[in-house]
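Participant: fold the stuff below for me.
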Amino acid sequence: MTWILFTLLAAFMQSWRNAFQSRLSGDVKTAGVTLARFLWASPLAALYLWVLYQVDPADIPEFNTVFISFVVGAAIMQIVATALMVKLFKYNNYAVGAGLAKSEALVAAVLGMLLFGTHLNLLGWIGVLIGGVGVFLMSTQGNFRQLSVPTIVLGLSSGSAFALTSLWIREASLSLGLPFPHCAAWVLLLVISLQTVLLICYLLLRDPQTLKVLWSKPKITILTSVSSCIGSMGWFSAMSLQAVPYVKTLGQIEIFFTMLISVFWLKQKVRIKDGLGLILVGAAAVLVMWT
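Facilitator: Alright, predicted model coming up:
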């Protein structure tokens, strides 16, 4: 049951990372906020891997073409997913934006069934439908007759991109042939390092001013990177031990952390309808896990 503990750690830290990114998005452009997630995470990931080898020495892996393709795909897709989620915050408040991005769990369940042989029974599909209703509730503005198309499209797109990222990360970990948690730690270090290099190069060429603004906010940037790295350690480790749909559905517990942070730290109001939507998404996660 180790994967459950890693998933809970990941969900808790990710809720804080989202909160820090939401706060940072008020002053920094989308690409800069996305970079903040990875900027200081690589040294932490390298330290984590080094400690693992000191405690439990293992072989140095050989990186074949299949592994590299999974790592590159996951790195790029996670950048896309994060950028979409940051944009999502501008359409609605923090709790609702993060809740919409949590469609990732439902998409991962469907893609897991289609691509990796994970099957859902009737109870599981009921959970998927309930989660869809929850997403609908959080995507309406004013009343149920007004559906915000940009919000729901961004939310589902972000969730889908995160789902693909998770599935490829698991495949990368399994393809290394290393013991746990070394396999997950290698994937974590390589994915985060590649993401950092790609984003820094992009900003140096297209928007160096954003790098300057990000550098002027060291505290919130470091908090974002640290919480993101610890959260990723949890996700990568859990997904090395268990199928992605199960990890991501359990990870829906993040929505409750999100609501608490939104109300007590960010001082944002969560409408009753938004809260109901978040609860329904959480109920969907429980039903899918129950299967």
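Participant: contacts only, for Pro181.
Facilitator: Pro181 makes contacts with 52, 237, 240, as judged by Cβ atoms under 8 Å, 6 or more residues apart in numbering. Every residue, glycine included, has its C-beta placed from N, CA and C.
Participant: how many other residues sit next to the residue lying closest to Leu9 once chain neighbours are set aside?
Facilitator: Spatially, and ignoring its direct neighbours in sequence, Leu9 is nearest to Gly234 (4.0 Å; Cβ to Cβ, 6 or more residues apart in numbering). Applying other Cβ atoms under 10 Å, we find 24 residues neighbouring Gly234.
Participant: again, but for Ser69
Facilitator: For Ser69, using other Cβ under 10 Å, the count is 14.
Participant: so what touches the helix or strand hosting it?
Facilitator: Using DSSP states H and E, Ser69 maps to helix 65-89. With Cβ under 8 Å, 6+ apart as the test, helix 65-89 has contacts from 18, 21-22, 25, 30-31, 33-34, 37, 61, 97-98, 100-101, 104, 151, 154-155, 157-159, 161-162, 164-165, 168-169, 171-172, 175-176, 187, 190-191, 194-195, 198-199.
Participant: for it, buried residues please.
Facilitator: By neighbour count with 16 or more other Cβ atoms under 10 Å, helix 65-89 contains the buried residues 67, 70-89.
Participant: do a quick rundown of the helices in the protein.
Facilitator: Under the criterion DSSP state H, helices of the chain are mapped to 2-24, 30-38, 41-55, 65-89, 94-101, 104-116, 122-139, 149-176, 182-206, 208-215, 218-241, 244-250, 254-264, 272-290.
Participant: before we move on, back to that, just to check, the residue nearest to Leu9 is in contact with Ile4?
Facilitator: No: in this structure, Gly234 is not within contact of Ile4 by Cβ atoms under 8 Å, at 10.6 Å.
Participant: circling back to that earlier point, tell me the buried residues within the contacts of helix 65-89.
Facilitator: Judged by 16+ other Cβ under 10 Å, buried ones among the contacts of helix 65-89: 18, 21-22, 25, 30-31, 33-34, 37, 97-98, 100-101, 104, 151, 154-155, 157-159, 161-162, 164-165, 168-169, 171-172, 175-176, 187, 190-191, 194-195, 198-199.
Participant: how many neighbours does Leu205 have?
Facilitator: Counted with other Cβ under 10 Å, the neighbours of Leu205 add up to 8.
Participant: ok, it - contacts?
Facilitator: By Cβ under 8 Å, 6+ apart, Leu205 lies in contact with nothing.
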